[in-house]
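K.L.:
Fold the following and give me the result.
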Amino acid sequence: MEQSFDADGMKRTSLDRDWDALIELCRQEAELKESAAHPRLLAHVSREIERAARSLGFSDEHIRRREFRAEKSQGRIVRLLTD
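P.N.:
Numbering: from 1, shown residues only. Modelled structure (predicted):
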């Protein structure tokens, strides 16, 4: 397993990596929706968002609205706001 570090040289947590992956998928989804050029890829990215968000504990409603929030402290995700 590859370890990753932040800009301060501190090891990133799996929560940080999972959060970053979810946010990157959301960015890709927005770009694909805007371009409307790749509907199959958009569908795939949307499914990946649902899978990733569900694995982080977000509700179906949060997933449907793409409403993902997290609390950070010192540049690290310390809590996902899933309520």
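K.L.:
Run through the chain and note the low-pLDDT ranges.
P.N.:
1-10 (pLDDT under 70).
K.L.:
50 instead?
P.N.:
Along the chain, segments meeting pLDDT under 50 span 1.
K.L.:
all helices for it, in order.
P.N.:
Here the chain has its helices, by DSSP state H, at 14-35, 39-55, 60-65.
K.L.:
now the ones you listed as JSON lines including mean neighbour count and distance to residue 81?
P.N.:
C-betas here are computed from N, CA, C, even on glycine. Shown next, in JSON lines, are those (neighbours: other CB atoms under 10 Å; distance: least, CB to CB, whole Å):
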{"stretch": "helix 14-35", "mean neighbour count": "15", "distance to residue 81": "11"}
{"stretch": "helix 39-55", "mean neighbour count": "15", "distance to residue 81": "12"}
{"stretch": "helix 60-65", "mean neighbour count": "13", "distance to residue 81": "9"}
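K.L.:
Who is residue 71 paired with across the strands?
P.N.:
residue 79 (DSSP bridges).
K.L.:
surely it meets residue 82?
P.N.:
No - with contacts counted by CB atoms under 8 Å, residue 71 stays clear of residue 82, the gap being 11.0 Å.
K.L.:
more neighbours, the two?
P.N.:
More crowded of residue 71 and residue 82, by other CB atoms under 10 Å: residue 82, with 13 against 10.
K.L.:
Okay, the residue lying closest to that one once chain neighbours are set aside and residue 18: tell me how far apart.
P.N.:
Leaving out its chain neighbours, the residue that sits closest to residue 82 by CB to CB, 6 or more residues apart in numbering is residue 57, at 4.9 Å. For residue 57, the distance to residue 18 equals 11 Å [CB to CB, to the nearest Å].
K.L.:
Got phi/psi on the residue nearest to residue 82?
P.N.:
Residue 57 adopts backbone torsions of phi 100, psi 10, taken as degrees, to the nearest 10.
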